[in-house]
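Novice: make a model of this:
(one chain, ligands or ions: 1)
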Amino acid sequence: MSNRLILKKQFQSNTFTFGVATSSFQIEGAVESREESIWDRFCQQPGKILDGSNGNEACDHVNRWQEDLDIIDSLHVDAYRFSISWPRIIRADGSLNQQGLDFYLAILGKLKAKGIKAYVTLYHWDLPQYLEDEGGWLNRDTAYAFKQYVEVVVKAFGDLVYSYATLNEPFCSAYLGYEVGIHAPGKAKKEYGKKAIHHLLLAHGLAMKVLRQHAPKAESGIVLNFTPFYPASNSEEDAHATRLAHVHFNDWYIRPILEGEYPALIDDIPESHRPIIAPGDLDIISQPIDYLGVNYYTRARVKSDAPRDPILLPAPETSEQTAMGWEVYPQGLTDLLLQLERDFRLPPIIITENGLASDDHLVDGEVNDLQRIRYLQSHMDAVAEAMAQGVNITGYFVWSLLDNFEWALGYEKRFGIVYVDYTTQKRTLKNSAIAFRNALLSRQ
Ligand code: IFM
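Specialist: Now for the predicted structure:
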């Protein structure tokens, strides 16, 4: 089995950006030097996190960021995508936590010194708990609080940031956090999901305005996660259920941004589930973005269970699966990109996350994560295929740089290309990191 990664010709141009990605809560630790976030509170509730863990130490990145940036540098990537912890910046009384801001300024300074582009995500799920206490994303005011926080950050960061993402995967914040409750803040009501997403999208739009004003040179956009859906059979019922799943899980998040409207289905959902859309909201939400970030991991097959919601089937038993139980399905990424291209007038696309969790072990100083190398190869090839068919894709980021806190699943699912020993915090490049580095070095 090959432990090499080979870059197709589409990736050889020096305008294509390769990077690695992380997020604040998943790696930082040092919770005592910031405000409480909804994930700190959620982790305290028994049974919410599979291994009973929390983000208190995580990868201790706040203390080891210099070493982590040296690792990133050693990989020869063009860019590093990371997120800012809102509760590390704005205190509960509204004042600025200068120490928190300085932490990110130091990271940005070092990235600049090393010639690595900073891709900054402004919100990757760690809402300050003091805002959740006021209703969190169910409260329209949270969108305006986000705008204020973004203004503080963007003014302070000046031209150190190459690219901003307003939000990462608002689907997860809204649906997992407020509709089904398996993510923080753990609220679970069918009527909450679509209300929360409206406020998140409004926050995105308000932040875009701030970015245009204070960081006009930065490339600014949003990162969405997508699941391509396929019918479980040839029946018309399953085809219909598949279309429905696509509308609820994909279209609902992208259409307001690119077209300034919710899917027509909004008129069919119960009134009590609908958000209050104030005049002008959709104009704010749909202002132009410089790029669309696409996160892709797997596909889903859909079976009708009318009149109930479509059923998403587990990965077929015969399929190759990751440690998450997710089917390895690179064709889904090509299909998804081509479908987006057919459905919308797209800005340039960046694959802002792609990768897998595997059962990695450190043996004699080596982590031989062959499945990850295969996965990265097949998915990069899938991206190249979409590019060959005309989709404008300008970057690809591996999720993740480090093994880290995988939300409700704790630390057992290892997504990193760098292995983290959580007892010693020692980092070890997995063979996938070495393969990625060698592939990047092979570029002209
Ligand atoms: O770890 C997450 C990340 O925070 C958001 N996208 C999916 C990843 C894997 O589940």
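
Novice: and M324, what does it touch?
Specialist: Contact partners of M324, counting by C-beta atoms under 8 Å, 6 or more residues apart in numbering, are 297, 356-357, 409, 413. C-betas here are computed from N, CA, C, even on glycine.

Novice: which strand or helix spans it?
Specialist: Using DSSP states H and E, M324 sits in no helix or strand.

Novice: against L96, how distant is it?
Specialist: M324 sits 38 Å away from L96, going by C-beta to C-beta, to the nearest Å.

Novice: what does P231 give?
Specialist: Distance, P231 to L96, by C-beta to C-beta: 51 Å.

Novice: now swap in M387 and tell me
Specialist: As judged by C-beta to C-beta, M387 and L96 stand 42 Å apart.

Novice: measure stretch 390-403 end to end?
Specialist: One end of stretch 390-403 sits 34 Å from the other (C-alpha to C-alpha, to the nearest Å).

Novice: could you check whether it is close to the ligand?
Specialist: Yes: counting by C-beta under 6 Å from any ligand atom, the ligand has neighbours in stretch 390-403: W399.

Novice: buried residues in that stretch?
Specialist: Of all the residues in stretch 390-403, those buried under the rule 16 or more other C-beta atoms under 10 Å are 391, 393-403.

Novice: let's see which of these end up in strands.
Specialist: 393-399 (DSSP state E).

Novice: and the stretch 151-300 of the chain, which residues reach the ligand?
Specialist: Proximity of the stretch 151-300 of the chain to the ligand, by C-beta under 6 Å from any ligand atom, involves residues 169, 295.

Novice: for the stretch 151-300 of the chain, which segments count as helices?
Specialist: Using DSSP state H, counting those that start in this stretch, the helices found in the stretch 151-300 of the chain span residues 170-171, 193-214, 236-246, 252-259, 281-285.

Novice: how far away from the center of its chain is the last one?
Specialist: Looking back up the chat, that one is helix 281-285. Remark: helix 281-285 is offset 22 Å from the chain centroid, using C-alpha atoms, centre = their mean, to the nearest Å.

Novice: counting contacts, what elements does that helix pack onto?
Specialist: Helix 281-285 sits against helix 193-214, helix 252-259, with contacts defined as 3 or more C-beta pairs under 8 Å, 6 or more residues apart in numbering; DSSP states H and E.

Novice: pull the CA atoms of it into CSV?
Specialist: The C-alpha trace of helix 281-285 is given here as CSV (Å, rounded to 0.1, in the frame of the first residue of the first chain):
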residue,chain,number,x,y,z
ASP,A,281,-32.7,40.7,6.7
LEU,A,282,-32.3,38.7,3.5
ASP,A,283,-30.5,41.6,1.8
ILE,A,284,-28.1,41.7,4.7
ILE,A,285,-27.6,37.9,4.6
